[in-house]
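J.: Fold the following, please.
(chains A and B)
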There are 2 protein chains.
Amino acid sequence: MRVAYNEQMTGLADMLGEMAGLAGTAMEVATRSLLEADLSLAEQVISDHDQITELSVLCEERAFALLALQAPVAGDLRSVVSGIQIVADIDRMGALALHVAKIARRRHPNHVLPEEVNGYFAEMGRLAVTLGAGAKEVLETRDPERAARLREEDDAMDDLHRHLFSVLMDREWKHGVAAAVDVTLLGRFYERFADHAVEVARRVIFLVTGKMPVDPEEKDALES
Amino acid sequence: MRVAYNEQMTGLADMLGEMAGLAGTAMEVATRSLLEADLSLAEQVISDHDQITELSVLCEERAFALLALQAPVAGDLRSVVSGIQIVADIDRMGALALHVAKIARRRHPNHVLPEEVNGYFAEMGRLAVTLGAGAKEVLETRDPERAARLREEDDAMDDLHRHLFSVLMDREWKHGVAAAVDVTLLGRFYERFADHAVEVARRVIFLVTGKMPVDPEEKDALES
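T.: Just a heads-up that it's a prediction; the model follows:
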């Protein structure tokens, strides 16, 4: 019983890590489709999204089976419950990458982004990939120090997001309202992707230390 | 044991319903603060938000205690697991109302919205309140027909959101980029609020019928 249980717990953690890896890859490819106005990359993200959805369903089923068949207690129970919550965060990360790819597809063959903001999105994309890989690593290692570093990467994302908005709000913005609307939504998608990665890390820290760090959105400059 | 269990299950359902009610009220007051540029209403939403956060923590603790102490099985287990997932959706609804109030506060004493789009937000606010109340009702009654009606209200929200974007994208938009950015974010907040209400309903339908309806975001016109 205990052996089966440990195997199933490890299986759940592995699937969650795999999901986080897929979400990070999806955001990486989506960012390239955006920057290069590359339709086939956008289509790839859109068709690969099913994998994330399927893993999400498998994770929920695995967690449910663990609860039903093993009735875990204490720390084990907390791991399974956290797993159920973490699935929702990673699922959302995948959906946000999908949104980026869909905007790239909708505007094809045009570029969505005015050249002026390409650098912001290249860097936000790079941070998103780092955050996705970080979430995967934290899920696999349960290392609270690595989890804490995700916060710094999220802070860097928030800084970029804030700068992007100052570019948008500047009277010198020459690219019209339609581009501004796309840039606003895209900026929000990257920022939320980062928030969800940090949320995954927060839940892992809570599991390991019993203490819940502050919610990333609480210090979100754009919302304050 | 069984009596205590039933009381605790009812307690969890009641708290979830109360949370959904508070989220609906928060969006109602936030919408008024937005339309009337009323700082005290915005402040009210911001200070009342703690109540939703506290209930969210209480719901998670109650669900965890139910799993730990009662080790429910079958349908009861599914109810508790759904409860854990539903908390996250309602928590997010509250956060979205908070975002609306914070934008109203940031722009005060100015109105955030150009007069031209007031009607859209008045109606999106009205729908959000209906969806919040609907989610509360579905949590309390578990009525799949009422849950299905939330979908129609969400469709109406999507229609409004789409029209709002066509107004924004129109060459006739005369209110500048800064207003367009605010309107874009606000529109997204209302639309996501509706999606989360529908997600709550979906989970209840799944509990009652064993079948999961389609994800609301899958048919989100703006993302497609």
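
J.: make it CA atoms for all contacts and neighbour counts henceforth
T.: Fine.

J.: so A:Ile205 sits right up against A:Arg142, yeah?
T.: Yes. Using Cα atoms under 8 Å, A:Ile205 makes contact with A:Arg142 at a distance of 7.4 Å.

J.: Show me which of these two is the more surrounded one.
T.: A:Ile205 (23 against 17; other Cα atoms under 10 Å in any protein chain shown).

J.: Summarise which helices and strands the helix or strand A:Phe206 falls within is packed against.
T.: Using DSSP states H and E, A:Phe206 maps to helix A:176-209. In terms of contacts (3 or more Cα pairs under 8 Å, 6 or more residues apart in numbering or on different chains; DSSP states H and E), helix A:176-209 is packed against helix A:74-107, helix A:115-141, helix A:144-169, helix B:144-169, helix B:176-209.

J.: do the second one and chain B meet?
T.: No. No part of helix A:115-141 sits near chain B under the criterion Cα under 8 Å from any Cα of the partner chain; the closest distance found is 15.2 Å.

J.: Which elements pack onto that helix?
T.: Using 3+ Cα pairs under 8 Å, 6+ apart, helix A:115-141 sits against helix A:2-36, helix A:144-169, helix A:176-209.

J.: Now do the helix or strand just after the longest one against helix A:2-36, angle only.
T.: When you say that, I think you mean helix A:2-36. Sequence order places helix A:39-70 as the next helix or strand after helix A:2-36, per DSSP H and E. With axes from the mean of the first three to the mean of the last three Cα atoms, to 10 degrees as the basis, helix A:39-70 and helix A:2-36 are set at 160 degrees to each other.

J.: Quick one: distance of helix A:39-70 to the chain centre.
T.: 14 Å (Cα atoms, centre = their mean, to the nearest Å).

J.: what angle separates that helix from helix B:74-107?
T.: 130 degrees.

J.: shaky segments in chain A?
T.: A:1-2, A:212-224 (pLDDT under 70).

J.: Could you tell me which residues of it lie near chain B?
T.: So far as Cα under 8 Å from any Cα goes, chain A lies against chain B at A:64, A:67-68, A:71-74, A:77-78, A:81, A:84-85, A:88, A:99, A:102-103, A:106, A:168-169, A:176-178, A:180-181, A:184-185, A:223-224.

J.: Need the buried ones from those residues selected in PyMOL.
T.: Filtering these down to the buried ones (16 or more other Cα atoms under 10 Å in any protein chain shown) takes a single PyMOL command:
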select buried, chain A and resi 64+67+68+71+72+73+77+78+81+84+85+88+99+102+103+106+168+169+177+178+180+181+184+185+223
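
J.: give me every residue that touches A:Glu140.
T.: Listed by Cα atoms under 8 Å, 6 or more residues apart in numbering or on different chains, the contact partners of A:Glu140 are A:Ala13, A:Asp14, A:Gly17.

J.: ok, now with 10 Å
T.: When contacts are counted by Cα atoms under 10 Å, 6 or more residues apart in numbering or on different chains, A:Glu140 touches A:Thr10, A:Ala13, A:Asp14, A:Met15, A:Leu16, A:Gly17, A:Glu18, A:Gly134, A:Val204.

J.: about what we covered before: so for the helix holding A:Phe206, what gets flagged as buried?
T.: Result for helix A:176-209 [16+ other Cα under 10 Å]: buried residues A:177-208.

J.: Phi and psi next, for A:Gly210.
T.: In this entry, A:Gly210 is assigned phi and psi values of phi 80, psi 0 (degrees, to the nearest 10).

J.: give the contact list for it.
T.: By Cα under 10 Å, 6+ apart, the contact list for A:Gly210 reads A:Gly75, A:Arg78, A:Arg203, A:Val204.

J.: Out of the residues you listed, which comes closest to chain B?
T.: When the contacts of A:Gly210 are compared for distance to chain B (Cα to the nearest Cα), A:Arg78 wins out at 7.9 Å.

J.: how close does the closest residue to the closest one other than its chain neighbours get to A:Gly83?
T.: Distance criterion Cα to Cα, 6 or more residues apart in numbering or on different chains; nearest residue to A:Arg78, sequence neighbours excluded, is A:Leu207 at 6.8 Å. From A:Leu207 across to A:Gly83, the span is 10 Å (Cα to Cα, to the nearest Å).

J.: I'd like the helices and strands packed on helix A:115-141 laid out as a markdown table, including distance to A:Ala42.
T.: Shown next, in a markdown table, are the helices and strands packed on helix A:115-141 (distance: least, Cα to Cα, whole Å):
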| stretch | distance to A:Ala42 |
| --- | --- |
| helix A:2-36 | 5 |
| helix A:144-169 | 23 |
| helix A:176-209 | 14 |
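
J.: Tell me the spacing between A:Arg32 and chain B.
T.: Shown here: A:Arg32 relative to chain B, a distance of 18 Å by Cα to the nearest Cα, to the nearest Å.

J.: The residue nearest to A:Val177 when sequence neighbours are not counted and A:Ala20: what is the separation?
T.: Using Cα to Cα, 6+ apart and skipping residues adjacent in sequence, the residue nearest A:Val177 is B:Val177, 5.6 Å away. As judged by Cα to Cα, B:Val177 and A:Ala20 stand 35 Å apart.

J.: just A:Val167 next, same as before
T.: From A:Val167 to A:Ala20 the distance is 31 Å (Cα to Cα).

J.: okay, the two: which has more neighbours?
T.: The neighbour comparison of A:Val167 against A:Ala20 (other Cα under 10 Å) goes to A:Ala20, with 31 against 15.

J.: Please tell me how far the closest residue in space to the more buried one that isn't next to it in sequence sits from A:Met9.
T.: In this structure, A:Ala20 finds its nearest non-sequential neighbour in A:Lys136, 5.2 Å apart by Cα to Cα, 6+ apart. Between A:Lys136 and A:Met9 the computed distance is 16 Å (Cα to Cα).

J.: Out of the helices and strands packed on helix A:176-209, which is closest to B:Leu39?
T.: Nearest of these to B:Leu39, taken as Cα to Cα: helix B:176-209 at 17.0 Å.

J.: what distance separates the closest one from the middle of the whole chain?
T.: For helix B:176-209, the distance to the chain centre is 7 Å (Cα atoms, centre = their mean).

J.: tell me the angle of it relative to helix A:144-169?
T.: Using the same axes, to 10 degrees: helix B:176-209 against helix A:144-169 is 130 degrees.

J.: what angle separates helix B:176-209 from helix B:115-141?
T.: 20 degrees.

J.: Quick check: A:Thr184 touching B:Ala179?
T.: No. Between A:Thr184 and B:Ala179 there is no contact under Cα atoms under 10 Å: 11.6 Å.

J.: Contacts only, for A:Asp89.
T.: A:Ala20, A:Gly83, A:Ala95, A:Phe193, A:Asp195, A:His196, A:Ala197, A:Val198, A:Glu199, A:Val200, B:Ala88.
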